[in-house]
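Undergrad: Can you look at this prediction? I've put the sequence above it.
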Amino acid sequence: MLRIPRTPAPARRPAVSSAPFSGLSPAPVWAHFASLCAIPRPSKHEAALRAHLAAWAAARGIGHRVDAAGNLILEKPATPGREDRPGVILQGHLDMVCQQNAGTSHDFHRDPIRPALADGWLVAEATTLGADNGIGVALALAVLGAQDLAHGPLEVLLTVDEEAGMGGAQGLAPGELAGRLMINLDTEDWGEFYLGCAGGLDALLDHPVAQVPWPDGHLPFRIVLDGLRGGHSGVDIHLERGNAIKLLVRVLRAAEEACGISVAAMAGGTARNAIPREAEALVAVAPGAAPSLAESIGRLEALFRQELAGTDDGVALRCLPGEAAASVCAPDGQRRLLAALHAAPNGVKRRSARVPGVVETSDNLGVLALADGRCRATFMVRSLVDSGSLALGREIADLFSLIGARVELAGAYPGWAPNPASKLLALAQDVYGREFGGTAAVKVIHAGLECGIIGAKHPGLDILSFGPDIRGAHAPGERVRVESVAQAWRLLTALLAAVPPAADWNRNA
């Protein structure tokens with residue numbers, strides 16, 4: 001069975017080969033990213049990286065502090081003659097989503113990320129790369145370390161726990177930052193400026209399921225579903241990729257009707273904000289029904305390949321020998337639970353009428369574990385309209401209440417409302433046109449950024465987000481386009497240099 005991750009052992013720091021980074025430009029950015037690859041940084045386990053960066057800052061005379069939430073805040077004074085500029089905050093998050101392919105012996109609490117270069121992209125083939133948001137962090141650190149850049153007063157806010165609930169941004173004290181402009185470096189499409197994002201919440205299912213002893217004479221089988229692409233539950237949700245948990249529930253529902261299986265355990269997904277790629281179940285089957293189970297599995301695999309053609313061509317479904325457990329779900333409880341999971345919403349709920357081409361509301365059944373008579377699951381709900389995420393969360397809660405299950409709505413965070421009159425956006429467009437020609441697209445993203453949370457605690461903060469091309473975030477094979485990192489660096493440094501004196505900024509407000 002898929003296992004809940006064990007308690008991590010103390011972190012170690014194996015070296016990361018410098019070969020993939022050799023000759024890449026800008027060298028300081030890639031040097032910082034190499035360090036981030038070397039230091040494990042799952043959500044809620046950023047302490048080693050934070051300590052490393054604090055020591056790096058201290059060695060260079062860069063001011064730094066850690067706030068009550070564990071966020072690292074670094075400060076650099078203006079270059080001489082630019083003390084009158086409004087302060088700029090560069091913002092990113094220290095943690096990364098930890099996903100790996102089945103059969104990959106990688107421990108995200110101990111092992112370094114090992115990237116490779118392929119056709120102009122830096123990629124981690126079997127794991128996530130952590131370019132989300134390691135590249136943004138590296139860009140900000142390179143600005144702090146540079147001696148030849150022109151800029152006003154700088155603050156760098158590196159938050160913790162972004163991927164597991166935005167705990168760092170939620171815990172940031174109001175008024176903690178002095179800057180008036182903020183550049184978030186956590187978006188993934190070069191040539192686009194982001195001016196708004198979805199908010200969201202988690203719907204947490206915790207439900208006891210009555211158990212009965214393993215049926216006498218029944219055979220144990222593992223039903224394994226894998227081979228899906230997965231992806232970011234915000235950025236990729238509109239692609240309609242398969243959700244391994246939802247597909248497995250369909251398999252179990254069909255097998256329940258055709259073969260009378262009893263479910264002993266289920267597990268799928270490892271992160272609430274990643275579309276699940278793998279799921280499996282341990283079931284008990286009467287000996288005479290085993291051929292029917294195998295036939296049903298084969299038929300459903302063919303059906304899933306037809307349904308997911310062009311999006312998840314690698315989907316695979318197998319029935320393997322298993323080991324009998326002490327108990328299985330009682331028939332009534334199993335039937336109700338599988339029916340509720342089958343009916344539970346997942347994917348795109350509504351597309352935005354106000355922002356064409358953008359998903360307004362969605363949810364992702366990201367993690368599920370059924371073991372020892374208890375089912376726990378996490379749905380991540382997102383919406384550009386805060387009331388939309390609350391309504392969908394309540395819909396999920398009301399559905400499961402029909403089988404007597406409890407769903408807690410937790411971790412709500414606000415969306416970032418677009419400000420088309422943003423002066424920072426106007427300045428960034430001027431700089432982009434001068435440096436690259438043309439105009440950057442202005443977008444709203446369905447993924448969650450920390451901008452709305454931070455902005456709510458710093459009224460009047462003018463915020464913009466951009467970044468290099470990153471593909472496959474939150475899934476193995478995540479990659480970043482090398483040339484776009486150099487372009488993002490060029491834009492960032494030119495934009496910092498272009499910020500006018502505060503008097504001029506205020507006069508044009």
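TA: That came through fine. Note that this is a predicted model, so its numbers are computed, not measured.
Undergrad: Can I take it that residue 365 is in a strand?
TA: Yes: Residue 365 forms part of a strand when assessed by DSSP: H, G, I helix; E, B strand; the rest coil.
Undergrad: Quick check: bridge partners of it?
TA: residue 379 (DSSP bridges).
Undergrad: what's around it, how many residues?
TA: 28 (other Cβ atoms under 10 Å). All C-beta atoms are positioned from the backbone trio N, CA, C, and that covers glycine.
Undergrad: Same check on the one 5 residues further on?
TA: By other Cβ under 10 Å, the residues close to residue 370 number 24.
Undergrad: tell me the SS of it?
TA: Taking three-state DSSP, the label given to residue 370 is strand.
Undergrad: Name the residues that touch the worst-scoring helix or strand of the chain on mean pLDDT?
TA: Every helix and strand of the chain was ranked by mean pLDDT, DSSP states H and E. The lowest is helix 502-507, at a mean of 88. With contact meaning Cβ atoms under 8 Å, 6 or more residues apart in numbering, helix 502-507 is reached by 84-86, 180, 423, 499.
Undergrad: again, but for stretch 345-356
TA: The contact list for stretch 345-356, computed with Cβ under 8 Å, 6+ apart, reads 196, 237-238, 240, 243, 246, 358-365, 379, 384, 388, 392, 395-396, 399, 444.
Undergrad: Select only the buried ones of these in ChimeraX?
TA: Of those, the buried ones go into a single ChimeraX selection, burial set by 16 or more other Cβ atoms under 10 Å:
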select :196,237,243,246,358,359,360,361,362,363,364,365,379,384,388,392,396,399,444
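Undergrad: Isn't residue 77 up against residue 155?
TA: No: using Cβ atoms under 8 Å, residue 77 is not in contact with residue 155; the gap is 10.7 Å.
Undergrad: Who has more neighbours out of the two?
TA: Set side by side, residue 77 and residue 155 show more neighbours around residue 155, with 21 against 13, by other Cβ under 10 Å.
Undergrad: Over to that one. Which of the three states is it?
TA: strand.
Undergrad: Report the separation between it and residue 52.
TA: For residue 155, the distance to residue 52 equals 19 Å [Cβ to Cβ, to the nearest Å].
Undergrad: Please apply the same query to residue 60.
TA: From residue 60 over to residue 52 (counting by Cβ to Cβ), the distance is 13 Å.
Undergrad: farthest-separated two in the contacts of helix 502-507?
TA: Spatial extent of those (Cβ to Cβ) is set by the pair 84 and 423 at 16.5 Å.
Undergrad: Is the closest residue to residue 205 other than its chain neighbours within a helix or a strand, and which one?
TA: Distance criterion Cβ to Cβ, 6 or more residues apart in numbering; nearest residue to residue 205, sequence neighbours excluded, is residue 377 at 4.2 Å. Applying DSSP states H and E as the criterion places residue 377 in strand 374-383.
Undergrad: Could you list every helix and strand in contact with that strand?
TA: Packing partners of strand 374-383 (3 or more Cβ pairs under 8 Å, 6 or more residues apart in numbering; DSSP states H and E): strand 199-208, strand 359-371, helix 386-401.
Undergrad: now these as a markdown table including mean pLDDT?
TA: Below are the helices and strands packed on strand 374-383 laid out as a markdown table (pLDDT from 0 to 100):
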| stretch | mean pLDDT |
| --- | --- |
| strand 199-208 | 97 |
| strand 359-371 | 97 |
| helix 386-401 | 97 |
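Undergrad: and residue 141, which of these is closest to it?
TA: Among the helices and strands packed on strand 374-383, strand 199-208 comes nearest to residue 141, with 28.3 Å by Cβ to Cβ.
Undergrad: quick one: the following helix or strand past that closest one to chain centroid distance?
TA: With elements assigned by DSSP H and E, the helix or strand that comes after strand 199-208 is strand 211-213. Strand 211-213 has its C-alpha centroid displaced from the chain centroid by 37 Å (Cα atoms, centre = their mean, to the nearest Å).
Undergrad: Quick check: which helices or strands does strand 211-213 pack against?
TA: The contact analysis (3+ Cβ pairs under 8 Å, 6+ apart) places strand 211-213 against strand 327-329.
Undergrad: tell me the mean pLDDT for the strand it packs on?
TA: Average pLDDT, strand 327-329: 98.
Undergrad: quick revisit: buried stuff in the least confident helix or strand of the chain?
TA: residue 505.
Undergrad: still on that earlier bit, tell me which of residue 60 and residue 52 has more neighbours.
TA: residue 52 (16 against 13).
Undergrad: which SS state does the more buried one fall under?
TA: Applying three-state DSSP: residue 52 is helix.
Undergrad: rewinding a little: just put the helices and strands packed on strand 374-383 in TSV and tack on distance to residue 300.
TA: Below are these laid out as TSV (distance: least, Cβ to Cβ, whole Å):
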stretch	distance to residue 300
strand 199-208	25
strand 359-371	19
helix 386-401	24
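Undergrad: for the strand or helix carrying residue 485, packing partners?
TA: Using DSSP H and E, residue 485 falls within helix 482-498. Counting contacts by 3+ Cβ pairs under 8 Å, 6+ apart, helix 482-498 is packed against helix 27-38, helix 131-145, helix 423-436.
Undergrad: most packed of those helices?
TA: Using mean count of other Cβ atoms under 10 Å, the stretch among those with the largest mean neighbour count is helix 131-145, at a mean of 26.
Undergrad: what's it packed up against?
TA: Here helix 131-145 touches helix 27-38, helix 47-59, strand 72-76, strand 88-93, strand 154-159, strand 470-471, strand 479-481, helix 482-498, going by 3+ Cβ pairs under 8 Å, 6+ apart.
Undergrad: can you put the ones you listed in TSV and add distance to residue 294 and mean pLDDT?
TA: Conversion of the helices and strands packed on helix 131-145 to TSV gives the following (distance: least, Cβ to Cβ, whole Å; pLDDT from 0 to 100):
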stretch	distance to residue 294	mean pLDDT
helix 27-38	43	97
helix 47-59	48	97
strand 72-76	54	98
strand 88-93	46	98
strand 154-159	49	98
strand 470-471	37	96
strand 479-481	38	98
helix 482-498	47	98
